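Asker: Return a 3D structure for these sequence lines:
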Amino acid sequence: MKIYNTLTKRKEEFVPLQEGKVTMYVCGPTVYNLIHIGNARPMIVFDTVRRYLEYKGYDVNYVSNFTDVDDKIIKKALEEGSSAEEVAKRYIAECRRDMEGMNVRQATTHPLATQEIPGMLEMISILIEKGYAYAAADGTVYYRTRKFKDYGKLSGKNIDDLEAGHRDIQVTGDLKEDPLDFVLWKPKKEGEPYWDSPWCKGRPGWHIECSVMARKYLGDEIDIHAGGEDLIFPHHENEIAQSEAANGVQFAKYWMHNAFLKINNEKMSKSLGNFFTVREVGEKYDLQVLRFFMLSAHYRSPLNFSADLMDAAKNGLDRIVTAADNLRHLIGHGADGEMTDAERELFVKSGKYVEKFEEAMDDDFNTADGVAAVFELVKFCNSNASSENTREFLAALLERLGSLCDVLGIITEKKEEILDREIEDLIAERQAARKAKDFARADAIRDELLERGIQLKDTREGVVWQYQGQKNRQ
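Answerer: Below you'll find the predicted structure:
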C-alpha cells in the first residue's frame, strides 16, 4: 500500500510504526456553526482511509478533535447572549448529526480542546524550559519559530521568505522577539472564557491544541496526520515545530491532505452566495449521495460541486443500491443447496473486481478507480444473477458487493427514511385537513407517518414529532 506523503512530496510504501496497528489524527472542525460541505470532504475522505486500513486488517486508533474554544465561537456566543460552552456543545451535537447522515463513523476518541488544557500547559512549560518558547510581559507565550531548524519542511516554505512577507505588518512595540513567532497561550479579554496558567489567565493558541491531543491519545510519534490542504501552513507546520521540539522525536510519519472543494468552479464563500452547509444539501439529497460524490474523485484532486454532478452521483449510487436490493430479492426466491460448479467458477471470476478495487485503494486510496471497480462488479452481478441461482451463490455475491461498499461507507440497503421537510409538509396538510373537518385524511396522514417510524403529539404549543425512540422535535 502506498500513500502520498506531503512531507516528502512523493508516494511511499506504508509501514506503520507498530506492526498491525495504525495511529491516525485528523483535524476536526471549529464548532461555531453548522458544518459546510468543505468540512465534509476531509471527514468523508479520511473516514474512508480508516475503513480501508481496517479492511486490510489493521487495528486503527483514529482520533479527530472538536475545537471548542476559538474567536469565532466566542463571537457567536456574544451575538447570541449565550456562553461559548453552550455554542460549542450545540454545534458539536449538530456536527455529529451530519456526520451520521454521511455515514462517517465515530472516531476512537473525539477529544475537546477545553478538556485538554492541563496537557497544553504542560507542553508549553516544556517548550519554555527547552528555550523554544518565551512569555512576553503581558503573559502571552510565543514559540520561537527560528529556533526550530526544520521549520518549513512540510509546506516547503523558506523562513527568510516568510520574514520578508511579514516586514510590512510588524507592529512597533510588538511583544514578540520575532514577527514570525506564533502564539501558544494568550491573555483573556473581557467576557471571554479563560483558564489559570503560570503566565496569565487566558486560553491556548489553536496550534498547541492538536499537538497535545495527538500526543495524549496516540503517543509522541504517530503514523498518519491528516486534514485539508488549507491546514498545511501554518497549522500543521506549527504542530510539527511544537511537537518535535517538545517530544524529541518525529511527530508524524505520513502527512495526508485533501484538495479544495469548489462550487460551480468558484471558491466557496458567503459573499458569492455559493456557501452550502451539509444540512442544506441534505434537504435536497440523501447525504449518502454527498458521500458518494466526494469519493468520485481522488482526494488530492480539486473537486467541483454542482447540481449536475450531484445528480450524476445520485444516479450512480442508485445503480449500486438497486443491484444490492435485486440480489436480496433473488435470495428470497433462490434455490436451496450448495453452489453449483458453474456458480463457483462465476464467483471466482467476480474476484477480479475485488482485486481491481484493492489495487486502486492500495495506490494512495484512489477512490475514483475503486468506485469504477464497484460498478464493474455491479454489472457482473446484474448479468449473472437470477432466481434460478442458488441462495448460497447469490448471498456470496451480495456479501462481496457489500464488503467493498462498506469500505467506501456506502449503505446498500434502500432508505425509507422520510426527510424533515416532507414531515413538516405532511403535518401542515394534516392540520389543514383537521381544520376542514376532513378527519379521515388527517388520520390517514398520521397513520402514514407512524408507518414510517414517526410519532406525532398534539400539544398546546402545536404539533411535535419524533422518530420512534428519539427526542421530540417541533
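
Asker: Now do stretch 223-230: everything it contacts.
Answerer: Residues outside stretch 223-230 that contact it (C-beta atoms under 8 Å, 6 or more residues apart in numbering) are 3, 16-17, 22-27, 38, 41-42, 46, 49, 214, 235-236, 239, 251-260. All C-beta spots, glycine's among them, are computed from the backbone N, C-alpha and C.

Asker: Next: stretch 13-21.
Answerer: By C-beta under 8 Å, 6+ apart, the residues outside stretch 13-21 that reach it are 1-3, 22-23, 57-61, 221-223, 253-254.

Asker: of these, closest to residue 443?
Answerer: residue 60 (50.2 Å; C-beta to C-beta).

Asker: Could you give the average pLDDT over the longest helix along the chain?
Answerer: For the chain, the longest helix by residue count, based on DSSP state H, is helix 307-331. Mean pLDDT, computed over helix 307-331, is 96.

Asker: got it, and stretch 356-368?
Answerer: Per-residue scores along stretch 356-368 average to 98.

Asker: Pull out the buried residues from it.
Answerer: For stretch 356-368, burial by neighbour count (16 or more other C-beta atoms under 10 Å) applies to 356-358, 360-367.

Asker: Pick out the most distant pair among these.
Answerer: Greatest spacing in the buried residues of stretch 356-368, by C-beta to C-beta: 356 and 364 (15.5 Å).

Asker: which residues of the stretch 151-300 of the chain score low on pLDDT?
Answerer: Filtered on pLDDT under 70, the stretch 151-300 of the chain yields the residue ranges 164-173.

Asker: for it, what spans make up the helices?
Answerer: 159-166, 206-218, 237-247, 278-284, 287-294 (DSSP state H, counting those that start in this stretch).

Asker: likewise the stretch 1-150 of the chain?
Answerer: 37-55, 71-80, 84-101, 117-129.

Asker: Between helix 237-247 and the last one, find me the angle.
Answerer: Translated: helix 117-129. With axes from the mean of the first three to the mean of the last three C-alpha atoms, to 10 degrees applied, the angle from helix 117-129 to helix 237-247 works out at 80 degrees.

Asker: Now helix 117-129 - C-alpha only, CSV.
Answerer: This file holds the C-alpha atoms of helix 117-129, laid out as CSV (Å, rounded to 0.1, in the frame of the first residue of the first chain):
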residue,chain,number,x,y,z
ILE,A,117,-5.9,22.4,29.0
PRO,A,118,-3.6,20.7,31.6
GLY,A,119,-1.8,18.9,28.8
MET,A,120,-1.4,22.2,26.9
LEU,A,121,0.1,23.9,30.0
GLU,A,122,2.5,21.1,30.4
MET,A,123,3.7,21.1,26.8
ILE,A,124,4.1,24.9,26.8
SER,A,125,6.1,24.7,30.0
ILE,A,126,8.4,22.0,28.4
LEU,A,127,8.9,24.3,25.3
ILE,A,128,9.8,27.2,27.6
GLU,A,129,12.3,25.1,29.6
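
Asker: in it, what's buried?
Answerer: Within helix 117-129, the residues that qualify as buried are 117, 119-121, 123-128, counting by 16+ other C-beta under 10 Å.

Asker: One more: the second one?
Answerer: By 16+ other C-beta under 10 Å, the buried positions in helix 71-80 come out as 73-74, 76-77.

Asker: quick one: which of these is nearest residue 300?
Answerer: residue 73 (30.5 Å).

Asker: What distance do you get for that closest one to residue 114?
Answerer: Separation of residue 73 from residue 114 (C-beta to C-beta, to the nearest Å): 10 Å.

Asker: Could you name every residue contacting both of those two?
Answerer: residue 88.

Asker: Surely residue 421 is in contact with residue 283?
Answerer: Yes. Under the criterion of C-beta atoms under 8 Å, residue 421 makes contact with residue 283 at 5.8 Å.

Asker: Provide the contact partners of the helix or strand hosting residue 379 at residue level.
Answerer: In the assignment (DSSP states H and E), residue 379 maps to helix 367-384. Helix 367-384 is touched from outside by 45, 48, 292, 295-299, 316, 319-320, 323, 326-327, 346, 349-350, 353-354, 356-357, 359-361, 363, 397, 400-401, 404-405, 407-408, with contacts defined as C-beta under 8 Å, 6+ apart.
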